[in-house]
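J.: Just the structure for this:
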Amino acid sequence: MRPVIVFDLDGTLVDSLPDILRSFLHAFEREGLPAPDASAAQLTLGQPLEAMYGAFAPAERVDALCRRYRAHYAEHLADRTRPFPGVPELLAELGARGYLRTVASTKRTETARRLVEATGLGPFLDHVEGTDAAPYKPAPDVVLRSLAAVGGRGAWMVGDTVGDIRAGQAAGLRTYAVTWGTQGADVLSAARPDRLEPDLTALLSLS
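T.: Residues are numbered from 1 along each chain as shown. This next block holds a predicted model:
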């Protein structure tokens, strides 16, 4: 059974922050609601979209904000989103070493797969799993479904948020936290990942 490295997508493999924030704040404008500062909105990234909006808007407006976001983001998901430096090469090398490479994202599956293809990462990944009807991270469901889809043996969960790390731990995987995404080393260290690194390069020394 081949080993599997499971990756989060946003903030881990791709720098998608500009496009996500743009769509997030756009929804407030379209709904005529006061928008939070971008820095405050950024702190909610990695949570389900409903929870992100729930932090800044009345509960009865959250559904409308989510619809606005999804419509705008569907058209602009890769305007400025790009893989982090060296990610395609790293994924290719992991594949050459016999690893299966999967994604376990908080995005809906269709959206996650569209983003993977739009950023050119499709050839370097064996499966992309999103969170549709199952519980969101830190529940391990999306990680376990990602593993089951390729029939491999889980080796590492790699992510940029505490939710990613806790989901990996709950799935029984070793965990690798990368700090080039949305949460810094001080926040991530509290989740006690097996590795805490500034980028993904160290994965090659672990494989």
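J.: Give me the outermost residue of this protein relative to its centroid.
T.: Counting by Cα atoms, centre = their mean, the extreme residue of the chain relative to its mean C-alpha position is residue 32, 28.9 Å from that point.
J.: So residue 65, which state does it fall into?
T.: helix (DSSP: H, G, I helix; E, B strand; the rest coil).
J.: hang on, it packs against residue 27?
T.: Yes: with the criterion set as Cβ atoms under 8 Å, residue 65 and residue 27 qualify as a contacting pair; they are 4.6 Å apart. Backbone N, C-alpha and C define where each C-beta goes, glycine included.
J.: what does the helix or strand of the chain with the lowest mean pLDDT contact?
T.: Taking all helices and strands of the chain together, the one with the lowest average confidence (mean pLDDT, DSSP states H and E) is helix 38-42, at a mean of 90. Here helix 38-42 makes contact (Cβ atoms under 8 Å, 6 or more residues apart in numbering) with 17, 21, 24-25, 35, 52, 56, 182.
J.: which parts of it are buried?
T.: Buried residues in helix 38-42, defined by neighbour count with 16 or more other Cβ atoms under 10 Å: 41-42.
J.: Over to stretch 82-102?
T.: Within stretch 82-102, the residues that qualify as buried are 83-84, 87-88, 90-91, 94-95, 99-102, counting by 16+ other Cβ under 10 Å.
J.: And the contacts of the longest strand belonging to the chain?
T.: Identified as the longest strand of the chain according to DSSP state E is strand 153-159. Defining contact as Cβ under 8 Å, 6+ apart, one finds that strand 153-159 is touched by 1-8, 11-12, 99, 104, 143, 147, 164-165, 167-169, 171-178, 181, 200, 203, 206-207.
J.: Rounded mean pLDDT for that strand, please.
T.: For strand 153-159, the mean per-residue pLDDT is 97.
J.: What's the first helix or strand after that strand?
T.: Note on strand 153-159: by DSSP states H and E, the next helix or strand toward the C-terminus is helix 162-170.
J.: So which elements touch the following helix or strand past that following helix?
T.: Once helix 162-170 ends, the next helix or strand along the chain (criterion: DSSP H and E) is strand 174-178. Other helices and strands packing on strand 174-178, by 3 or more Cβ pairs under 8 Å, 6 or more residues apart in numbering; DSSP states H and E, are strand 153-159, helix 162-170, strand 195-197.
J.: tell me the strands in this structure, going along the chain?
T.: If DSSP E is used as the criterion, the strands of the chain fall at 3-7, 14-15, 82-83, 100-104, 127-129, 153-159, 174-178, 195-197.
J.: so can I have CSV of those showing distance to residue 69?
T.: Rendered in CSV, the data for the strands of the chain read as follows (distance: least, Cβ to Cβ, whole Å):
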stretch, distance to residue 69
strand 3-7, 23
strand 14-15, 18
strand 82-83, 21
strand 100-104, 21
strand 127-129, 20
strand 153-159, 22
strand 174-178, 25
strand 195-197, 31
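J.: Could you list the low-pLDDT ranges of this protein?
T.: 207 (pLDDT under 70).
J.: how is this structure carved up into domains?
T.: 3-15+81-206, 17-76 (automatic domain parsing).
J.: How far does the longest one stretch from one end to the other?
T.: According to Cα to Cα, to the nearest Å, domain 3-15+81-206 extends 12 Å from its N-terminal end residue to its C-terminal end residue.
J.: Sweet, I'm off.
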